[in-house]
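Peer 1: Provided below for reference: sequence and predicted model.
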Amino acid sequence: HIDARHQLLPLVFAEMEMCYYISAARQAPGPGTARGVRTVLVEAWESGTFEAVRSSLAGRYGEFRAEDHLFAGQDARYTSARDYQAKVYATVHADMTEALVAGGTSPVKAALETLRALRDTLRLAIEFKGLSLTSHVDFQLNIHSRFARLVAGPPAFRSQQLLALVDAGVLSLPFGPSPELRPADGGRILVRSTRLDQPFEVEVDRLIRAHLDLPSISRSTNPLFTNLVRRGRARPLDFDGTPVGSIDLTEDFHPRDVNGRPEERLWVFGVLSEGVRYFTLYI
């Protein structure tokens, strides 16, 4: 089994950083500049000097660290609600600015697009339980959605609308990461920050759960899938007896029954297979 964070991501990050510096060099004066940068980076990777060469290129073309984009804000703490909102605003604004670079020539966006180009390669490595149990859980909780955010996030126009609503005082982002929810008097809901140095809380009348859980047949309300599970003709994906959601499929897309045998007259494709397969949610 593969550990995605420690075995795959370093390779992905190197590809993204190569793409950034090659794209930046393509806009520099002088024939063959981009080709020369590519050659230098490939040789550096093969010789184990990639980080040193990358740092040297950063002085010429600007710093780009793929890891900082994928895991932006993961362990950050914030002093206050105002601090958090300002940093979220700045992040969205920076991304929007890159998206609006004339001619679509942003080296940052070119680097992020590498994740799309590598999607099928990653599938070959991680689908159908290619990851260890620990890495599978980590990928589902901490990595999978970050790929989606960078590759298939909202169009720039939506970012402009979001920032305009903040500027107009219609929308605020005060709670910080991972706020907690508690019932309050009168059927209201208390929303309280958990990672702000200066805590912030407010009671609200309505709460909209704007988050899509990964699909799982064990939670499905669809009568077809409910009956397949009840009759033992389909089961959740598991790692040595530990269920992890999704649906257990063979590599021919047949669901496995409760005894692990393939149901050869059934096939499962698309969103429901997310978890045993990956990136099906884009379509």
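Peer 2: Noted; the coordinates are in hand.

Peer 1: Lys34 contacts Tyr20, correct?
Peer 2: Lys isn't right for residue 34; it's Ala. No - Ala34 is beyond contact range of Tyr20, at 11.6 Å (criterion: Cβ atoms under 8 Å). The C-beta positions use only the backbone N, C-alpha and C, and glycine is treated the same way.

Peer 1: and those two? which has more neighbours close in?
Peer 2: Tyr20 (28 against 17; other Cβ atoms under 10 Å).

Peer 1: how near is that one to Thr33?
Peer 2: If you measure Tyr20 against Thr33 using Cβ to Cβ, to the nearest Å, the figure is 14 Å.

Peer 1: got it, and Leu41?
Peer 2: 13 Å.

Peer 1: so how far is Phe50 from the most centrally placed residue in the chain?
Peer 2: Nearest to the geometric centre of the chain sits Arg146, at 1.5 Å (Cα atoms, centre = their mean). For Arg146, the distance to Phe50 (Cβ to Cβ) stands at 23 Å.

Peer 1: over to Val204?
Peer 2: Where Phe50 is concerned, Val204 sits at a distance of 49 Å (Cβ to Cβ).

Peer 1: neighbour-wise, which of the two wins?
Peer 2: Phe50 (19 against 12).

Peer 1: surely the more buried one and Val40 touch.
Peer 2: No - under the criterion of Cβ under 8 Å, Phe50 makes no contact with Val40, lying 10.0 Å away.

Peer 1: give the buried residues for stretch 173-189.
Peer 2: For stretch 173-189, a neighbour-count test (16 or more other Cβ atoms under 10 Å) marks Leu173, Pro174, Phe175, Gly176, Pro177, Pro179 as buried.

Peer 1: widest-spaced pair of these?
Peer 2: Pro174 and Pro177 (11.9 Å; Cβ to Cβ).

Peer 1: need the residues touching each of those two.
Peer 2: When contacts are counted by Cβ atoms under 8 Å, 6 or more residues apart in numbering, Pro174 and Pro177 are jointly contacted by Tyr84.

Peer 1: how about the strands in the protein?
Peer 2: Remark: strands assigned in the chain by DSSP state E are 180-183, 189-192, 201-204, 237-239, 242-245.

Peer 1: mind checking which of those is nearest Phe253?
Peer 2: strand 237-239 (13.3 Å).

Peer 1: now Pro183, nearest residue through space, not along the chain?
Peer 2: Of all residues not flanking Pro183 in the chain, Ile189 sits nearest, at 6.6 Å (Cβ to Cβ, 6 or more residues apart in numbering).

Peer 1: ok, the one you found to Gln198 distance?
Peer 2: 21 Å.

Peer 1: same check, this time on Ala210
Peer 2: 26 Å.

Peer 1: of those two, who's got more company?
Peer 2: Using other Cβ under 10 Å as the criterion, Ala210 and Gln198 rank with Gln198 on top: 11 against 5.

Peer 1: of the buried residues of stretch 173-189, which is the nearest to Ala86?
Peer 2: Using Cβ to Cβ, the buried residues of stretch 173-189 come closest to Ala86 at Leu173, 9.3 Å.

Peer 1: before we move on, back to that, who's in contact with the residue nearest to the centre of the chain?
Peer 2: Leu70, Phe71 are the contacts of Arg146 under Cβ under 8 Å, 6+ apart.

Peer 1: one more time with 10 Å, if that's ok
Peer 2: Under the criterion of Cβ atoms under 10 Å, 6 or more residues apart in numbering, the contact partners of Arg146 comprise His69, Leu70, Phe71, Ala72, Gln74, Leu115.

Peer 1: ok, of those residues, which come out buried?
Peer 2: Going by neighbour count (16+ other Cβ under 10 Å), the contacts of Arg146 have His69, Leu70, Leu115 buried.

Peer 1: the closest residue to Gly245 other than its chain neighbours and Ser246, how far apart?
Peer 2: Among residues not flanking Gly245 along the chain, Ser216 sits closest, at 3.8 Å (Cβ to Cβ, 6+ apart). Separation of Ser216 from Ser246 (Cβ to Cβ): 6 Å.

Peer 1: about what we covered before: show me the two of the contacts of Arg146 that sit farthest apart.
Peer 2: The widest separation within those (Cβ to Cβ) is 16.9 Å, between Gln74 and Leu115.

Peer 1: roughly how far does the residue of the chain most remote from its centre sit from Leu122?
Peer 2: Going by Cα atoms, centre = their mean, the residue of the chain most distant from its centre is Gly186, 37.7 Å out. From Gly186 across to Leu122, the span is 49 Å (Cβ to Cβ).
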